[in-house]
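Visitor: Below are the sequence and a predicted model; questions follow.
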Amino acid sequence: MGESARPPEEFSVLLHQAQAGCQESLNQLLSRVRDWMKRMAQRRLPEFLRDQDSVSDIVQESLVDVGRAFPRFQGTGAKQFYAWLRTIITHNAADYLKTRDRRPETFSAALDHGAPLPEPSDEHPSPNAELTRRETLARLLAKLHNLKPRDQQILRMRIHQGLTFQKMAESLNMTTDGARRAFVAALSKLRGRMGEDNSPSP
């Protein structure tokens, strides 16, 4: 249910009561927007991280932040309240991505789902974690260059640029299903190239 689906008068009453110090009104307000907050959190995560635990962590952290910062909220209506919530969720989703472990399987998950590869954290990762990340990216990019230009283009559009299959189809002048099949085929070739590195030497 979107923002506009909430009865504006009732929502405004709850908001004003909460701003006047009524904790019960604030609780009702947050209960009403919880599902919307989940959808916002999902949209701010790459597809391979949109599991229930990840979304719940971001929403829970956002609810805590809302409760702590609400006395300083100066908005007067639903539109401003939702915009304020969106800012908090966006910030917490970004923090979640920054602090998430950069394990090798994270890169495999990104490839499996065609999602953009995670960027390095703004924090200071351990030397081993950063080395593993760089080695994995180096292997990926090296093998990508061994593919045909068309396959490289398709993989870069989906993995690096994060384009949807619909957007890819428009750019490549093909159907959405065709773009999906082309991506799967190119990804299979890339996995094959990467698998060659793990094959035992004769």
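Guide: Received it, and whenever you're ready, just let me know what you need.
Visitor: Now do residue 18, the pLDDT please.
Guide: On pLDDT, residue 18 comes in at 93.
Visitor: can you count the residues close to residue 96?
Guide: Residue 96 has 18 neighbouring residues, counting by other Cβ atoms under 10 Å. For glycine as for every other residue, the C-beta is placed from the backbone atoms N, C-alpha and C.
Visitor: List the contacts of stretch 53-63.
Guide: Applying Cβ atoms under 8 Å, 6 or more residues apart in numbering, the contact partners of stretch 53-63 are 30, 34, 37-38, 41-42, 44-45, 85, 88-89, 92-93, 96.
Visitor: Skipping its backbone neighbours, what lies nearest residue 18 in space?
Guide: residue 26 (3.9 Å; Cβ to Cβ, 6 or more residues apart in numbering).
Visitor: Identify the residues contacting that neighbour.
Guide: Taking Cβ under 8 Å, 6+ apart, one finds 18, 67, 70 in contact with residue 26.
Visitor: In whatever helix or strand residue 62 lives in, which of the residues would be classed as buried?
Guide: If you go by DSSP states H and E, residue 62 is part of helix 52-69. Residues 54-55, 58-59, 61-63, 66 are the ones in helix 52-69 that count as buried (16 or more other Cβ atoms under 10 Å).
Visitor: Show me what the following helix or strand past it packs onto, helices and strands only.
Guide: For helix 52-69, the following helix or strand on the C-terminal side (DSSP H and E) is helix 78-99. Counting contacts by 3 or more Cβ pairs under 8 Å, 6 or more residues apart in numbering; DSSP states H and E, helix 78-99 is packed against helix 8-19, helix 23-43, helix 52-69.
Visitor: what does stretch 163-180 contact?
Guide: Residues outside stretch 163-180 that contact it (Cβ under 8 Å, 6+ apart) are 154, 157-158, 182-183.
Visitor: can I get those in CSV with neighbour count, secondary structure and distance to residue 173?
Guide: Below are those laid out as CSV (neighbours: other Cβ atoms under 10 Å; DSSP: H, G, I helix; E, B strand; the rest coil; distance: Cβ to Cβ, whole Å):
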residue, neighbour count, secondary structure, distance to residue 173
154, 23, helix, 13
157, 22, helix, 13
158, 25, helix, 16
182, 22, helix, 12
183, 20, helix, 15
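Visitor: Quick one, which of the residues you listed has the minimum pLDDT?
Guide: Of all these, residue 158 carries the smallest pLDDT score, 76.
Visitor: sorry, back to before: nearest to residue 190, out of the helices and strands packed on helix 78-99?
Guide: Nearest to residue 190 among those is helix 52-69; the distance by Cβ to Cβ comes to 25.8 Å.
Visitor: pLDDT on that closest one, on average?
Guide: pLDDT averaged over helix 52-69 gives 88.
Visitor: By mean pLDDT, which helix or strand of this structure comes out lowest?
Guide: Least confident helix or strand, the chain: helix 104-113 with a mean of 48, by mean pLDDT, DSSP states H and E.
Visitor: Domains in this protein, by residue range?
Guide: Taking automatic domain parsing as the domain assignment, the ranges for the chain are 3-99, 104-198.
Visitor: Would you single out the least confident of the ones you listed?
Guide: That would be domain 104-198, which, of all the domains of the chain, carries the lowest mean pLDDT at a mean of 68.
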